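[1] Fold the following for me, if possible:
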Amino acid sequence: MANFALDFSESISLAAKAQLASLPFQAKELSQLAKKDGGGFPKKRFVYSKIEGYLDGRIFIALVGPRGAGKSVLLKQIHNASPNSFYISLDSGAGFKLFETAKELSQLGVRLLLLDEIHAYPDYGPELKKIYDFVPNIKVVFTSSSAISLYDASYDLSRRVRLVQVPPLSFLEFLWFAHSQKFPPLAWSSLLNTPDCRKYYGLTMHAEPNFKPYLAGGNYLFSMGEPDPLPIFQNTLDIILTKDLQSSSRLSMEETQDVRRMLEFMGRSPADGISYSSISRNVGITKYKAQKYVDVMEKCFVLRAVVPKGTNVTKEPKILFTPPYRLLYRRYDDCIGALREDFFADAMSRHSDFSYLKGSAGEKTPDYLVGGIVCEIGGRNKGRSQFKGFAAKRKIIFTQPGTLDDVRRPLFFAGMLG
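    Sure thing, here's the model as predicted:
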């Protein structure tokens, strides 16, 4: 049997406890360590309450997000708070059959099966389907750091799994986790209202100096207390490229090297103008492969493709990094403009459909459109020239460092939205 972390609940029968007690000492030790770990994190991601609300239902729950976002911690916190739960780490490499294990645990009184890093288990979709169909008294919550495998398993998991996104920390969450500063979330309607923004800025202005370390890699839980988290991000990216891409997306070694060169080209280029076509020209790959690689890295939470405004399907998306991966290729001060856009796109993707505004060659246009609101991203002195002649019901300039007037808003406000 695998390395299990057990929850010896009082409600499990004595006979079942006797069977569980017969497992090796290591399994019992891991059980207690996992339970202790779950109780050792008093602060919870904001998504925890959403997950908690889904636990009573029959549908399985998939926690999906990048490596280091805190999915394993969430799973252990759920384990710590739930009776009759059972935790399995699937990246241990231990060989066992998931369906048979779930059936056995169900007979022992386990009602909640928690599976960490499920993408490490080959072809897990059919196994989860069998558990859902034939072990009705057990519920499964699982994590995955790769959306690629979930797409592959979507047919088997159709109507059986609820996806819950576990993104990196918002700036609002970062302030809570890193500095124990708790602020009310900002509503989008309040962000559009200048008097409301003045009140909110008065409440949060002293937190703005923390925005730079947040942009520099503080948006992941593993960055807490790290003076320089970028080596950890480099290691994470290496794992994605050497392990995840070849196991989940079935890319060859040669294709993986193409992905590396694509990321290096993007990382050393301005954010504007990065598309499938520019990647194809500069990396020396076909446009089809450029689209394939961007799609794969978006499912690994490293890149983000932002669709253009309009219905012209020949227009290509704008390709951005997810923060802070751009900093693996350029210094903070050298790429701050692009990094601001990475942040804004990440923040808006959590709350609203948004697109980038693409004009004719040489034409100046604002950056993004969010719910009919035209948005421009820049520094404190960013002007209104790109709004000239552009019709919209409302126009906002998001600035860093922050300024606030009838048209300007501090950029960090986008990370405070609830």
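
[2] What sits closest to residue 242 if chain neighbours are left out?
    residue 256 (7.3 Å; C-beta to C-beta, 6 or more residues apart in numbering). All C-beta atoms are positioned from the backbone trio N, CA, C, and that covers glycine.

[3] residue contacts, the one you found?
    241-242, 245-246 (C-beta atoms under 8 Å, 6 or more residues apart in numbering).

[4] Quick check: buried residues in the host helix or strand of residue 202?
    For residue 202, the host element (DSSP states H and E) is helix 194-204. For helix 194-204, burial by neighbour count (16 or more other C-beta atoms under 10 Å) applies to 197, 200-201, 204.

[5] where does the protein have low pLDDT?
    Residue ranges of the chain with pLDDT under 70: 1-32, 92-95, 152, 154-155, 248-249, 310-314, 359-366, 382-393.

[6] Could you list the domains of it?
    Annotated domains of the chain cover 4-165, 172-415 [automatic domain parsing].

[7] where does the residue nearest to residue 242 fall, phi/psi-wise?
    phi -60, psi -40 (degrees, to the nearest 10).

[8] the strands in the protein, which residues?
    According to DSSP state E, the chain carries its strands in the segments 4-6, 60-64, 85-89, 112-116, 139-144, 161-165, 303-306, 318-321, 354-356, 368-370, 373-378, 394-399, 408-410.

[9] Residues contacting the last one, please?
    This means strand 408-410. 191, 197, 201, 208, 382, 396-404.

[10] again, only this time at 10 Å
    For strand 408-410, the external contacting residues (C-beta atoms under 10 Å, 6 or more residues apart in numbering) are 186, 191-192, 194, 197, 200-201, 204-205, 208, 211, 375-376, 378, 380, 382, 384, 396-404, 416.

[11] Drop anything exposed from those.
    Buried among those by 16+ other C-beta under 10 Å: 186, 191, 197, 200-201, 204, 208, 211, 375-376, 378, 382, 396-400, 402-404, 416.

[12] What ranges does the stretch 301-418 of the chain have for its helices?
    336-349 (DSSP state H, counting those that start in this stretch).

[13] cool, the stretch 101-250 of the chain as well?
    124-134, 147-152, 154-157, 171-179, 188-191, 194-204, 211-213, 230-239, 245-248.

[14] Residue 340 is nearest to which of those?
    helix 211-213 (10.3 Å; C-beta to C-beta).

[15] Please spell out which residues along stretch 98-118 are buried.
    98-99, 101-102, 105-106, 108-118.

[16] Can you show me the CA trace of it as CSV?
    Extracted in CSV, the C-alpha atoms of stretch 98-118 (Å, rounded to 0.1, in the frame of the first residue of the first chain):
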residue,chain,number,x,y,z
LEU,A,98,-6.4,3.8,-6.8
PHE,A,99,-9.8,2.2,-7.2
GLU,A,100,-9.0,-0.9,-5.1
THR,A,101,-7.5,1.4,-2.4
ALA,A,102,-10.5,3.6,-2.3
LYS,A,103,-12.9,0.6,-2.0
GLU,A,104,-10.8,-0.8,0.9
LEU,A,105,-10.7,2.5,2.7
SER,A,106,-14.5,2.9,2.2
GLN,A,107,-15.0,-0.5,3.9
LEU,A,108,-12.9,0.8,6.8
GLY,A,109,-15.2,3.8,7.3
VAL,A,110,-13.3,6.5,5.4
ARG,A,111,-15.7,9.0,3.8
LEU,A,112,-13.3,11.6,2.4
LEU,A,113,-10.3,10.6,0.2
LEU,A,114,-7.7,13.3,-0.3
LEU,A,115,-5.3,12.8,-3.2
ASP,A,116,-2.4,15.1,-3.6
GLU,A,117,-0.7,15.7,-7.0
ILE,A,118,-3.0,13.4,-8.9
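
[17] check contacts around the residue nearest the centre of the chain.
    Nearest to the centroid of the C-alpha atoms of the chain, with distances taken as C-alpha atoms, centre = their mean, sits residue 167, at 2.8 Å. If you count contacts by C-beta under 10 Å, 6+ apart, residue 167 has them with 45, 47, 64-66, 69-70, 173, 219, 301, 322, 346-347, 349-350.

[18] can you rerun that using 8 Å?
    65-66, 69, 346, 350.

[19] from those residues, which would you call buried?
    Buried members of the contacts of residue 167, scored by 16+ other C-beta under 10 Å, are 65-66, 69, 346.

[20] nearest to residue 40, of these?
    residue 69 (18.2 Å).

[21] unless I'm mixing things up, the closest one is touching residue 164, no?
    No - taking contacts as C-beta atoms under 8 Å, residue 69 lies outside contact range of residue 164: 11.7 Å.

[22] Residues in a beta bridge with residue 89, which ones?
    Taking DSSP bridges as the rule, residue 89 bridges to residue 116.

[23] what number of residues lie near it?
    21 (other C-beta atoms under 10 Å).

[24] Also residue 258?
    19.

[25] How about it: what's its closest non-neighbour residue?
    Computed as C-beta to C-beta, 6+ apart, the closest residue to residue 258 that is not its neighbour in sequence is residue 285, at 5.5 Å.

[26] So the one you found is in contact with residue 265, correct?
    No - using C-beta under 8 Å, residue 285 is not in contact with residue 265, being 10.3 Å away.

[27] what's the overlap in contacts for the two?
    Contacts common to residue 285 and residue 265, judged by C-beta under 8 Å, 6+ apart, are residue 279.

[28] quick one: contacts for residue 354?
    306, 345, 348, 368-371.

[29] Return the member of those nearest to residue 228.
    residue 345 (24.6 Å).

[30] Would you check that my belief about residue 400 contacting residue 414 is correct?
    No - Residue 400 is beyond contact range of residue 414, at 10.1 Å (criterion: C-beta under 8 Å).

[31] What is the burial count for residue 224?
    With other C-beta under 10 Å as criterion, residue 224 counts 12.

[32] Tell me who's in contact with it.
    177-178, 218.

[33] From these, list the buried ones, please.
    For the contacts of residue 224, buried by 16+ other C-beta under 10 Å: 177-178, 218.

[34] Using a markdown table, please lay out the buried ones among the contacts of residue 167 together with distance to residue 90.
    Shown next, in a markdown table, are those (distance: C-beta to C-beta, whole Å):
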| residue | distance to residue 90 |
| --- | --- |
| 65 | 16 |
| 66 | 18 |
| 69 | 17 |
| 346 | 28 |
